[in-house]
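# Everything below, folded, please.
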Amino acid sequence: MRGYGKILIELRGTSTQEKVAKDLGIATSTLGMYETEKRILRDSIKMRISEYYQKPVQYIFFN
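Model prediction:
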């Protein structure tokens with residue numbers, strides 16, 4: 001089973017962490033911590049990420 005961090009990295013693709021973080025309105029370091037699963041996401045940011053990547057929350061965080 002893949003963790004949500006690996007899924008976030010896959011969804012980011014060739015975009016930089018800086019670009020995605022700016023688009024989401026979060027710090028680059030915060031996105032990095034989400035991608036390494038060193039920080040727990042609030043439900044509100046899960047929803048923002050889900051909308052940004054146009055994928056269901058369940059696909060990203062409960063796969």
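# Without its sequence neighbours, what residue ends up closest to the residue nearest the centre of the chain?
Nearest to the mean C-alpha position of the chain, counting by Cα atoms, centre = their mean, stands Leu8 at 4.5 Å. Ranked by Cβ to Cβ, 6 or more residues apart in numbering and with sequence neighbours excluded, the top spatial neighbour of Leu8 is Glu35, at 5.0 Å. Heads up, the C-betas are built off the backbone N, CA and C, glycines and all.
# Roughly how far does that neighbour sit from Tyr4?
9 Å (Cβ to Cβ, to the nearest Å).
# can you check Phe62 too?
Separation of Phe62 from Tyr4 (Cβ to Cβ) stands at 8 Å.
# In terms of neighbours, single out the busier of those two.
Tyr4 (19 against 9; other Cβ atoms under 10 Å).
# And for the more buried one, nearest residue in space, chain neighbours not counted?
Nearest to Tyr4 is Phe61, by Cβ to Cβ, 6+ apart, at 4.8 Å.
# Touching, that neighbour and Leu41? I think so.
Yes: taking contacts as Cβ atoms under 8 Å, Phe61 lies within contact range of Leu41: 7.3 Å.
# buried stuff in the longest helix seen in the chain?
If you go by DSSP state H, the chain has its longest helix at helix 43-53. The neighbour-count check on helix 43-53 (16 or more other Cβ atoms under 10 Å) flags 45-46, 48-50, 53 as buried.
# go on, stretch 22-40?
Neighbour counts over stretch 22-40 (16+ other Cβ under 10 Å) mark 24, 26, 31, 33-35 as buried.
# Quick check: of these, which lies closest to Gly13?
Glu35 (12.6 Å; Cβ to Cβ).
# and Arg2, what does it touch?
By Cβ atoms under 8 Å, 6 or more residues apart in numbering, Arg2 lies in contact with Asn63.
# any low-confidence regions in this structure?
Low-confidence segments of the chain (pLDDT under 70): 1.
# Helices of that one, start to end?
4-12, 17-24, 28-35, 43-53, 57-61.
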